[in-house]
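Engineer: just a sequence and a predicted model for now, questions to come.
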Amino acid sequence: MKFFLDTANIEEIKRVNRLGLVDGVTTNPTIIAREGRDFEEVIKEICSIVEGPVSAEVIGTTTEEMVKEARELAKWADNVVVKIPMTEAGLEAVNILSKEGIKTNVTLIFTVAQGLMAAKAGATYISPFVGRLDDIGTNGMDLIHGLKTVLDNYGYETEIITASVRSLAHVEEAAIAGADIATIPGSLFPKLWSHPLTDKGIAQFLEDWKSVPKKD
Ligand code: E4P
């Protein structure tokens, strides 16, 4: 399974990247706004740190606007992936961009049908939002299971990025469901390698070690 970092914070990216765990980065306009920095500058900096795909989202709402922005974003670095919202205009843009070899990540996917449409239009990645589905009282993970089955049924190469991840359980279940990728907020990532019983065990071992007789 690949792990993407769902952040534009350079310190968070560097911390997890030092462990060799970062296969890519995803951003959206909200994540970019949080950093209070120029969009182009921050995406280029992330692309210089991380070798894998870095998603940068378009703001335009018409096909023409999205395609124009996407062509510009794709020039910023070789590993830029253009994030396109799941709309009719977005699907048309994805269809055009895929024929030009520009990689796309279709975002704001909430149903299996939307994921299937995006894959058929030529999306490199799709981003189903599990947390936001949980927020409205449904089970977001059902969508990951459904998409995995449908994309496998028809042999699509489009990769599933489990997005809007809020918990360790989301990551574990996405892996069990066979999602290609989970994109994980910087604040959640350390919970993947931590456990209170691990910390307690280390403290106990260090304490007990004090009573082991030592040579001078
Ligand atoms: C990533 O591609 C998504 O934009 C992000 O995971 C959304 O997360 P949120 O629902 O917590 O805002």
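Structural biologist: Cool, got the structure. Numbering: from 1, shown residues only.

Engineer: which helices and strands does whichever strand or helix holds Ala182 pack with?
Structural biologist: Secondary structure assignment for Ala182, by DSSP states H and E: strand 181-184. Packing partners of strand 181-184 (3 or more C-beta pairs under 8 Å, 6 or more residues apart in numbering; DSSP states H and E): strand 2-5, strand 24-26, strand 159-162, helix 168-177. The C-beta positions use only the backbone N, C-alpha and C, and glycine is treated the same way.

Engineer: partner strands of that strand, with direction?
Structural biologist: Strand 181-184 has the following sheet partners, assigned by DSSP bridges: strand 2-5 (parallel), strand 159-162 (parallel).

Engineer: quick one: contacts of the last one?
Structural biologist: Where contact means C-beta atoms under 8 Å, 6 or more residues apart in numbering, the residues beyond strand 159-162 that reach it are 4, 26, 105, 115, 124-128, 130, 144, 147-148, 151, 170-171, 174, 179-183.

Engineer: please pull out the lowest mean pLDDT helix or strand from the chain.
Structural biologist: helix 189-193 (a mean of 93; mean pLDDT, DSSP states H and E).

Engineer: other SSEs contacting that helix?
Structural biologist: Counting by 3+ C-beta pairs under 8 Å, 6+ apart, helix 189-193 packs on helix 168-177.

Engineer: number of nearby residues for Asp134?
Structural biologist: By other C-beta atoms under 10 Å, 16 other residues sit near Asp134.

Engineer: just give the closest residue to it, not the sequence neighbours.
Structural biologist: Gly140 (4.7 Å; C-beta to C-beta, 6 or more residues apart in numbering).
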